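Colleague: Give the three-dimensional model of this entry:
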Amino acid sequence: KAIFRDLGTWQLIPFLYTPEVLRKVAQMHHQAVEPVLFGRLHQVLDDHLGHDIAFAVERAKIAVNERAVQIAPIDLGEVERGLTVDLSQDAATASLTGLIAGIRDAVDDTLARAELTPDDVETVVFVGGSSLLAPVQSTIRAALPNAQFEVSEVFTAIVDGLAIAAGQWKP
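Modeller: Take a look at the predicted model:
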């Protein structure tokens, strides 16, 4: 499972292109009940296609998140001509269930630690990543019903915040 988990984790993908991992996958391919699938996995790793697949998945996630379509194809033509997998809005939302519950818990915990009520929060700024997902936003909106919501600095907000924090750090 580790190989598949790492293949779905952006920053870990390059570590899958090692000779050791390729040997493991070749061994699995040889012993597999469905060797075609492990052949594809080997090709993905051997041809360094992990990030290409991640981009294809991201495009489909954006399409279903923006409610532009009910089902978006994940184009895996780089791996095998004509290969696609459909991503539905329902499947995308279901995959976020644990994340959404954790976010709701984090909102409640943050409010409790700050000794605030939901009505005390005036503004929430969504800065990218998971905060741009419709189910995440609707959960936060429900938790903080009187707040104003805005999207800002989607690509740089985290780095900006880290830079500000680093400037305030005193060793």
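Colleague: Straight-line length of stretch 148-159, end to end?
Modeller: For stretch 148-159, the first-to-last residue distance is 23 Å (C-alpha to C-alpha, to the nearest Å).
Colleague: Just the buried positions in it, please.
Modeller: For stretch 148-159, the neighbour count (16 or more other C-beta atoms under 10 Å) marks residue 157 as buried. C-beta coordinates here come from the backbone N, C-alpha and C atoms, glycine included.
Colleague: Contacts for it, please.
Modeller: 122-129, 132, 137, 140-141, 160 (C-beta atoms under 8 Å, 6 or more residues apart in numbering).
Colleague: which one is the residue most central in space within the chain nearest to, not counting chain neighbours?
Modeller: For the chain, residue 130 is the residue whose C-alpha lies nearest the centre (C-alpha atoms, centre = their mean; 6.8 Å). Nearest residue to residue 130, sequence neighbours excluded (C-beta to C-beta, 6 or more residues apart in numbering): residue 136, at 5.3 Å.
Colleague: tally of neighbours for the nearest residue to residue 89 once chain neighbours are set aside?
Modeller: Spatially, and ignoring its direct neighbours in sequence, residue 89 is nearest to residue 64 (4.6 Å; C-beta to C-beta, 6+ apart). Residue 64 has 22 neighbouring residues, counting by other C-beta atoms under 10 Å.
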